[in-house]
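*Asks:* with the sequence up front, the predicted model follows.
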Amino acid sequence: MQLTVQGKQMDVGDALRAHVTEKLEDLNSKYFNHATFATVTFSKEGHGHGQFKAHIHIRIGKDILVLADELAADAYAAFDAAAAKVGKQMRRYKTRLRDHHERMTASPENEIIKARDYTLAATPESAEEETPEDPMLQGDDPVIVAEITTDIQTMSVSDAVMRMDLSGQTAMLFRNAKHRGLNMIYRRPDGNIGWIDLQEVDEKSAGGVAKSA
């Protein structure tokens with residue numbers, strides 16, 4: 001596993017770097033042993049920099065991300081809390097992660113759709129109402145502040161739920177492996193996971209079908 005430990009406007013000492021390396025290598029060997037690289041970033045947060053933030057970014061195999069963030073009064077505690085969160089996530093999906101690796105090894109080709117991923121400017125909270133002169137709008141559309149190419153992968157619904165949980169995302173668009181139609185899962189306010197299947201919209205000629213996964 002290739003590991004990078006870095007700090008944002010702060011120095012990361014050898015002792016902290018060694019602590020991070022030992023714990024992440026232990027997690028990797030314990031739960032999966034196929035992490036290709038990991039990045040741990042430390043930063044100071046809060047008014048007067050009263051807290052430290054640890055951000056862990058791990059890529060497992062070719063295409064699965066595990067992300068975790070934690071805040072604490074010191075860098076060691078922040079990292080340990082984030083590492084504990086990573087360990088909990090990987091423990092939950094340990095068997096499925098190993099199965100996924102075996103499937104990818106046996107059949108590495110995965111059907112992918114290329115798409116554009118836009119970041120839109122947030123409307124300022126101070127704006128009481130929208131006006132034609134609002135700088136955050138371009139006609140009827142919000143301002144695009146970033147644009148990248150992203151991959152929409154083909155997978156099962158259960159794999160999509162696993163990936164969303166591991167990455168900490170609140171929604172995921174993917175291509176359903178059963179029928180190749182576009183699907184979306186998302187985290188509902190009640191804690192359950194919503195699942196939108198466009199294939200059923202086509203079959204039933206409905207306005208939209210949403211499920212709870």
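*Replies:* Right, received. Where do you want to start? Numbers count the residues shown, from 1 in each chain.

*Asks:* may I have stretch 67-74 exported as CSV, CA atoms only?
*Replies:* C-alpha atoms of stretch 67-74 as CSV (Å, rounded to 0.1, in the frame of the first residue of the first chain):
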residue,chain,number,x,y,z
LEU,A,67,-13.3,8.1,3.3
ALA,A,68,-13.5,9.3,6.9
ASP,A,69,-13.1,12.6,8.7
GLU,A,70,-12.9,13.3,12.5
LEU,A,71,-12.2,16.3,14.7
ALA,A,72,-10.4,16.2,18.1
ALA,A,73,-8.3,18.3,20.4
ASP,A,74,-5.1,16.8,19.1
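
*Asks:* could you report the neighbour count for residue 147?
*Replies:* Residues near residue 147, counting by other C-beta atoms under 10 Å, number 9. Using the backbone N, CA and C atoms, a C-beta is placed for each residue, glycine as well.

*Asks:* which strand or helix spans the closest residue in space to it that isn't next to it in sequence?
*Replies:* Of all residues not flanking residue 147 in the chain, residue 118 sits nearest, at 5.3 Å (C-beta to C-beta, 6 or more residues apart in numbering). Secondary structure from DSSP states H and E places residue 118 in strand 112-120.

*Asks:* wait, residue 39 sits on residue 1?
*Replies:* No - between residue 39 and residue 1 there is no contact, the gap being 11.0 Å when judged by C-beta atoms under 8 Å.

*Asks:* neighbour count: those two, which is higher?
*Replies:* residue 1 (18 against 14).

*Asks:* how far away is that one from residue 38?
*Replies:* Using C-beta to C-beta, to the nearest Å, residue 1 is found at 6 Å from residue 38.

*Asks:* before we move on, what about residue 27?
*Replies:* Taking C-beta to C-beta, one finds residue 27 at 9 Å from residue 38.

*Asks:* pretty sure the residue nearest to residue 147 is in contact with residue 142, am I right?
*Replies:* No - applying C-beta under 8 Å, one finds residue 118 not in contact with residue 142, separated by 9.3 Å.
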